[in-house]
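What follows is a predicted structure for the sequence shown.
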Amino acid sequence: MKRQSLMALGIAVALNFAGLAQAAETKLLSFGLITDIHVSDKADQAPTITANATARYFTGGLAKIDAFTTAMNKAQVAFVAELGDFTDNPADATLTYDKRRTVALGFVDAAEAKLAQFKGPRYHVFGNHDTDQLSKADYLAHVSNTGIPAGATYYSFNHGGVHIIVLDAGFKADGNAYSGIPATAGSGYSWADANIPAEEINWLKADLKANTLPVIVLSHQYLNPAEQIDPMFDPAHAVKNAAEVRSILEQSGRVLAVFAGHYHDGDFQQVNGISYVGLQANTAYGSDINYHNQYATVDVRADGKKYQVVVAGNGLQRNYVINTVLQ
């Protein structure tokens with residue numbers, strides 16, 4: 001119980017300058033984030049609640065999304081985004097592939113119907129489990145990324161004077177996109193083989209070059225070397241060419257924070273002036289739709305060139321305050 005309280009109340013403050021003790025005067029944007037819900041028909045992996053994020057609690061998934069959208073509607077946030085592993089595999093591993101695909105699409109439809117209760121734009125980041133039985137095209141045909149061109153797996157948009165970049169690291173080292181369709185180029189992928197391909201790298205460079213707004217980046221897999229701060233972190237949770245991506249983000253001089261999921265325990269790290277927030281998995285700790293419903297409301301505030309990103313967690317999601325000065 002003591003550990004859970006510390007996790008719920010933990011605050012990491014990243015100060016890039018001295019003297020900003022109060023919230024900045026102007027709130028530019030407020031949005032909601034949730035990650036690793038793993039909606040499926042599987043049984044919970046533990047019979048009781050746990051203080052760590054090892055076990056997955058599948059049975060509360062849809063009810064947790066319902067509570068999340070209700071809270072985000074009440075808070076009147078500008079948009080919501082889920083950071084991947086929206087769904088998971090069917091419980092019955094003996095099903096034929098065609099049946100597994102049908103069941104998996106049912107999970108996506110059920111989860112999206114709950115997320116669609118949010119009365120505003122919604123966005124999705126590809127997680128490794130989202131294509132376990134599906135192609136990316138399959139998945140995209142059953143979800144909505146508001147105002148984003150059909151078929152785009154990585155994209156950007158502006159909201160409230162902030163530029164949001166959504167990355168897709170669901171590519172094998174050979175450049176083929178993850179696919180759950182047997183005998184296709186992207187099939188047989190490993191969750192530990194996550195890469196951002198050259199085409200997406202070039203797009204990211206061009207997108208950042210054309211932008212003058214402060215930037216928030218959303219990813220499923222980690223872009224930061226969390227093993228430097230967390231002895232339990234397996235580097236396989238990070239994008240293989242993460243160092244290259246970090247360099248591009250650093251050179252832009254516009255990035256306020258990077259949010260990711262994937263590593264269910266979550267953490268916080270600052271690398272070369274950019275703050276990396278790993279959100280805790282929604283499917284972790286237990287099935288209670290309130291106490292174990294990990295999600296975050298993020299506020300972006302500005303005072304001239306000074307920016308503050310405030311992450312307020314629900315459930316056992318930790319809270320963070322990130323202060324940054326952009327030149």
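Structure received.

Could you report the distance from Ser287 to Ile49?
8 Å (C-beta to C-beta, to the nearest Å). For every residue, glycine as well, the C-beta is placed using N, CA and C.

next one: Ile289
For Ile289, the distance to Ile49 - C-beta to C-beta - is 13 Å.

repeat for Trp203
For Trp203, the distance to Ile49 - C-beta to C-beta - is 42 Å.

same question, Asp265
15 Å.

Put the alpha carbons of stretch 236-253 into CSV.
Listed next in CSV are the C-alpha coordinates belonging to stretch 236-253 (Å, rounded to 0.1, in the frame of the first residue of the first chain):
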residue,chain,number,x,y,z
ALA,A,236,14.3,-3.7,-26.0
HIS,A,237,11.3,-1.4,-25.1
ALA,A,238,13.1,1.5,-27.0
VAL,A,239,13.1,2.2,-30.7
LYS,A,240,16.3,0.8,-32.2
ASN,A,241,17.3,4.0,-33.9
ALA,A,242,16.1,6.2,-31.0
ALA,A,243,19.4,8.1,-30.7
GLU,A,244,19.0,9.3,-34.3
VAL,A,245,15.4,10.4,-33.6
ARG,A,246,16.5,12.2,-30.4
SER,A,247,19.1,14.1,-32.3
ILE,A,248,16.5,15.4,-34.8
LEU,A,249,14.2,16.5,-31.9
GLU,A,250,17.1,18.2,-30.1
GLN,A,251,18.2,20.0,-33.3
SER,A,252,14.7,21.4,-33.7
GLY,A,253,14.9,23.3,-30.4
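
Give me the contacts around it.
167, 169, 173, 191-196, 201, 204-205, 208-209, 211, 215, 217, 219, 221-226, 255, 258, 262-263, 271-274, 326-327 (C-beta atoms under 8 Å, 6 or more residues apart in numbering).

Quick one: mean pLDDT for that stretch?
Mean per-residue pLDDT for stretch 236-253: 98.

Please apply the same query to stretch 269-289.
97.

how long is that stretch end to end?
Across its full length, stretch 269-289 reaches 28 Å between end residues, using C-alpha to C-alpha, to the nearest Å.

what does stretch 272-281 give?
26 Å.

residues of that stretch that come out buried?
Of all the residues in stretch 272-281, those buried under the rule 16 or more other C-beta atoms under 10 Å are 274-281.

and those, which two are the farthest apart?
Ile274 and Ala281 (22.7 Å; C-beta to C-beta).

show me where the chain has strands.
Assigned by DSSP state E, the strands in the chain fall at 11-15, 26-34, 79-82, 122-124, 155-159, 162-166, 215-218, 255-260, 267-271, 274-278, 295-303, 306-314, 319-325.
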